[in-house]
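Trainee: I'd like to go over a predicted model; first the sequence, then the structure.
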Amino acid sequence: MGIRLWVATLSSVSFILAYVVGGGAGVGITSGDGGGTIQASSSVASLAGAAIILISYLTAVSPIGAASTGTGAGTGRRAAAWFIDFFLSLTALTSILTLIPLAAEAAATGHFAWEFERAHVSATDWLMTLVVIGLAFVGMAFYWTIPVMRGGQTIGQCIAGVRVIAASERAPSPRRVWLRGLLQPFAPLLWMGKLFSGKYWHDEIANTKVVRVLDQPRAAA
């Protein structure tokens, strides 16, 4: 089985576990005239889905042979890879990070539950929710940064047949690649820059470009 098909199969299984079986995961606060409500949920199935996403990621991130470059990837192919990556990375991270408010609620009530909804929202609830969101964005930045530094791919890039490489002979700066990773969740907005400058702004910042590749032999890790 080709690596792209293998990663796609694992990703499909993780989706079924996280959403069909587990019902999704996450934490959120809503407000209304009567006050606020905090909700949080995860599940064993969602955590299993997160574990499979990690396996898929470790498979895709394996370095590709240095000789494989390819032609520039179109916006449609980049968009497909981004959507898969955004969805899967957010799924894995929220499934795990939601354990923070769940554990805090268990400490307060004396028993653990995989989901809760409470009408009273405290300052601590707001703080935990912001921490979960912040850690999710940091995790997503790592998700997109590590493959560039290792010469591999993200899950979405592997499935869509693209990879990120240096745009010139000069190796990308780790700091700029990290900044690119932080910006990746907002990539659809950044792509609008191409309408004005003809370039992808976050790639310009990091000295990178996205190229098409087919199944390539993986280098030794």
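Mentor: Structure's in. What do you need?
Trainee: most centrally placed residue in this structure?
Mentor: For the chain, the residue sitting closest to the mean C-alpha position, by CA atoms, centre = their mean, is Ser89 at 2.5 Å.
Trainee: contacts only, for that residue.
Mentor: Ile53, Gly139, Met140, Tyr143, Trp144 (CB atoms under 8 Å, 6 or more residues apart in numbering). Just so you know, the C-beta spots here come from the backbone N, C-alpha and C atoms, and that holds for glycine as well.
Trainee: chain center to the helix or strand hosting it: distance?
Mentor: Taking DSSP states H and E as the criterion, Ser89 maps to helix 75-97. Its chain's C-alpha centre lies 5 Å from the corresponding centre of helix 75-97 when counted by CA atoms, centre = their mean, to the nearest Å.
Trainee: list the buried residues in the helix or strand that it is followed by.
Mentor: Next along the chain after helix 75-97, taking DSSP H and E as the criterion, comes helix 99-109. By neighbour count with 16 or more other CB atoms under 10 Å, helix 99-109 contains the buried residues Leu99, Ile100, Pro101, Leu102, Glu105.
Trainee: pLDDT of the helix ranked longest in the chain, averaged?
Mentor: Of all the segments of type helix in the chain, defined by DSSP state H, the longest one is helix 123-150. The predicted model assigns helix 123-150 a mean pLDDT of 95.
Trainee: would you mark the buried spots in it?
Mentor: By 16+ other CB under 10 Å, the buried positions in helix 123-150 come out as 125, 128-129, 132, 136, 139-141, 143-148.
Trainee: so Ser12, which of the three states?
Mentor: At Ser12 the chain is in helix, as set by DSSP: H, G, I helix; E, B strand; the rest coil.
Trainee: what pLDDT does the model give Thr94?
Mentor: pLDDT at Thr94 comes out at 97.
Trainee: near it, how many other residues are there?
Mentor: 24 (other CB atoms under 10 Å).
Trainee: could you find the closest non-adjacent residue to it?
Mentor: Counting by CB to CB, 6 or more residues apart in numbering, Thr94 lies nearest to Gly26, which is 4.6 Å off, once chain neighbours are set aside.
Trainee: how close does that neighbour sit to Val177?
Mentor: 28 Å (CB to CB, to the nearest Å).
Trainee: alpha carbons of the helix or strand of the chain with the lowest mean pLDDT, as CSV, please.
Mentor: Taking mean pLDDT, DSSP states H and E as the measure, helix 193-197 is the helix or strand of the chain with the lowest mean score, a mean of 70. C-alpha atoms of helix 193-197 as CSV (Å, rounded to 0.1, in the frame of the first residue of the first chain):
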residue,chain,number,x,y,z
GLY,A,193,-2.3,38.3,-0.8
LYS,A,194,-1.6,36.4,-4.0
LEU,A,195,-4.4,38.3,-5.7
PHE,A,196,-2.4,41.5,-5.1
SER,A,197,1.3,40.5,-5.2
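Trainee: what helices or strands is the following helix or strand past it leaning on?
Mentor: Next helix or strand after helix 193-197 toward the C-terminus (DSSP H and E): helix 201-206. Helix 201-206 is packed against helix 174-183, helix 187-190, with contacts defined by 3 or more CB pairs under 8 Å, 6 or more residues apart in numbering; DSSP states H and E.
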